[in-house]
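Q: Build the 3D model from these lines:
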Amino acid sequence: MPAFVRVTHWLTTLCFFALLVTGVEIVISHPRFYWGETGNVNTPALFQIPIPASRASVPTGYDYVLPDQNGWSRALHFQAAWAVLFTGLWYLIAGLRGHLREHLFPRGFSIASLQHSLAEHLRLPSLAATPPGQYNLLQRLTYLFVIFGLFPFMIWTGIAMSPSFTAAFPFTVNLLGGHQSARTLHFVSTLALTVFVLIHILMIVLTGFRPRLRAMILGKATA
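A: All right, here's what the predicted structure looks like:
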């Protein structure tokens with residue numbers, strides 16, 4: 001496993017954990033989501049999370065509020081977002097030298113090969129026999145979707161919530177339907193990325209946690 005892959009993997013892991021924790025704190029301050037440009041407690045919500053808020057002004061149906069951690073969580077959220085953005089750029093630039101082509105870009109696509117990849121996932125012993133760093137077609141397509149689809153969309157919806165950024169580049173939020181739409185899409189894409197991470201961890205546990213963790217730390221499955 002190349003060194004830059006291992007370093008960017010663990011930096012991304014740290015940033016993702018920080019973004020997830022701080023994102024939860026931010027959502028708790030207003031667990032209601034809207035569609036369009038504006039949305040507040042006086043407008044109907046597209047949906048809301050059934051939890052108490054950290055602000056008494058937000059109607060959630062509970063007669064108490066949670067501790068307000070919105071200040072530090074927003075600051076750390078933005079810092080972690082910039083860190084993961086530069087980490088992702090480092091991964092892409094370094095990966096163009098061969099890693100992406102050799103390990104992630106499909107070498108041939110067919111329904112039969114996709115079915116074979118799916119069958120491997122249903123037969124965990126077969127998948128466990130695959131050396132760390134080698135991925136079947138289904139895994140390659142999933143990683144490519146996350147790297148070039150879900151991850152950029154997370155960044156897009158994130159910066160589309162910034163009034164200063166959208167004032168300079170209004171199309172970034174207009175294409176999404178408004179600032180509140182960007183916030184809602186950012187939340188939904190966060191859920192999708194969290195599901196991916198949980199499945200990723202589960203597959204590592206089921207197919208050999210120690211050798212795969214060792215490979216991501218030391219670069220090889222054996223000490």
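
Q: Not counting its neighbours along the chain, what's nearest the residue nearest the centre of the chain?
A: Taking Cα atoms, centre = their mean, the centroid of the chain lies closest to Leu193, which sits 3.6 Å from it. With Cβ to Cβ, 6 or more residues apart in numbering as the criterion, Leu193 has its nearest non-adjacent residue at 5.7 Å, and that residue is Leu150. Where C-beta positions appear, they are placed from N, C-alpha and C, glycine not excepted.

Q: Quickly note the distance from that neighbour to Phe86.
A: 18 Å (Cβ to Cβ, to the nearest Å).

Q: Near Leu218, how many other residues are there?
A: Per other Cβ atoms under 10 Å, the neighbour tally for Leu218 reads 12.

Q: Please apply the same query to Trp72.
A: Quick note: Trp72 (other Cβ under 10 Å) scores 10 neighbours.

Q: quick one: what helix or strand has it in it?
A: Trp72 belongs to helix 70-95 when assigned by DSSP states H and E.

Q: re earlier: contacts only, for the residue nearest to the centre of the chain.
A: 16, 146, 150-151, 154 (Cβ atoms under 8 Å, 6 or more residues apart in numbering).

Q: what's the closest of the residues you listed to Arg6?
A: Phe16 (15.6 Å; Cβ to Cβ).

Q: which residues of this structure fall in strands?
A: Counting by DSSP state E, the chain has strands at residues 32-33, 47-48.
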